[in-house]
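>>> sequence-free structure coming up:
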């Protein structure tokens, strides 16, 4: 079994490097355009715990105001489907219809490590969207006041936008104590692999 798995990393170091570069590229574009975005889900959790990507994660999640999608030429070009490659060879695309109503930025046409961009809109002070992932308990509505104002957190050496009171936001999404109680997904896999290697 690869050594990085014993270190509670799911993604090989070379791929993690590509994911970091993709995230930095996307953040730079969104910041240059003054887009209202924020770290979402496990990526916000990673910022709170590690000041970056959770060691066992394999993507980066960003929320964005739906009204801001058309301010980003790459997203405007793909919102009805398809993909476009930018001037640094990152691939911007709309997710497949069965996957959900969101966008994805891949490291390249051959390396699919990616940043997911989830559009939300405000309805009566609640941030919502039209598609939900049933197997992601953290994929839920939340009060817009968490985004008014947005703040910044350190993430992979950058200051990126995040909900204010990120602890309360994360506990709303994941449950109490989520920042302190890190849990490697499927820890039994690591234990089983160690036992097998010892035998």
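Sure thing, it's come through. Please read these numbers as outputs of a predicted model, since none were measured by experiment.
>>> every contact and neighbour count from this point should use C-alpha atoms.
Noted.
>>> low pLDDT regions in the chain?
When residues are selected by pLDDT under 70, those of the chain lie in 1-11, 98, 183-199.
>>> quick check, central residue of it?
For the chain, the residue nearest the mean C-alpha position is residue 61 (1.3 Å; CA atoms, centre = their mean).
>>> what's the following helix or strand after the helix or strand hosting it?
Applying DSSP states H and E as the criterion places residue 61 in strand 59-65. Going down the chain from strand 59-65, the next helix or strand is helix 73-78, by DSSP H and E.
>>> re earlier: ok now the strand holding residue 61, how far from the chain's centre?
Taking CA atoms, centre = their mean, to the nearest Å, one finds strand 59-65 lying 5 Å from the centre of the chain it belongs to.
>>> in terms of secondary structure, what does that strand contact?
helix 13-32, strand 37-39, helix 41-50, strand 114-123 (3 or more CA pairs under 8 Å, 6 or more residues apart in numbering; DSSP states H and E).
>>> could you dump these to CSV with mean neighbour count and distance to residue 168?
Supplementary listing: these in CSV, determined by neighbours: other CA atoms under 10 Å; distance: least, CA to CA, whole Å:
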stretch, mean neighbour count, distance to residue 168
helix 13-32, 17, 24
strand 37-39, 25, 14
helix 41-50, 22, 11
strand 114-123, 21, 19
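>>> now the ones you listed in CSV, with distance to residue 108?
Formatted as CSV, these follow (distance: least, CA to CA, whole Å):
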stretch, distance to residue 108
helix 13-32, 9
strand 37-39, 22
helix 41-50, 21
strand 114-123, 9
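>>> out of these, which gets nearest to residue 178?
helix 41-50 (8.1 Å; CA to CA).
>>> the inter-axis angle of the closest one versus strand 59-65?
If you take axes from the mean of the first three to the mean of the last three CA atoms, to 10 degrees, helix 41-50 sits at 110 degrees to strand 59-65.
>>> run through who's touching helix 41-50.
Contacts to helix 41-50, defined as CA atoms under 8 Å, 6 or more residues apart in numbering, come from residues 52-54, 57, 60-62, 138-139, 153-155, 162, 166-167, 170, 173, 179-180.
>>> among those, name the ones in helices.
166-167, 170, 173 (DSSP state H).
>>> got the contact list for the nearest residue to residue 122 once chain neighbours are set aside?
Distances taken as CA to CA, 6 or more residues apart in numbering put residue 128 closest to residue 122, at 6.2 Å, once the chain neighbours are dropped. Neighbour list for residue 128: 120-122, 140-142 [criterion: CA under 8 Å, 6+ apart].
>>> for residue 128, give its distance to residue 170.
Distance, residue 128 to residue 170, by CA to CA, to the nearest Å: 16 Å.
>>> how far away is the spatially closest residue to residue 67 that is not a sequence neighbour from residue 143?
Leaving aside its sequence neighbours, residue 67 sits nearest to residue 121 (CA to CA, 6+ apart; 7.4 Å). To residue 143, residue 121 is 11 Å away according to CA to CA.
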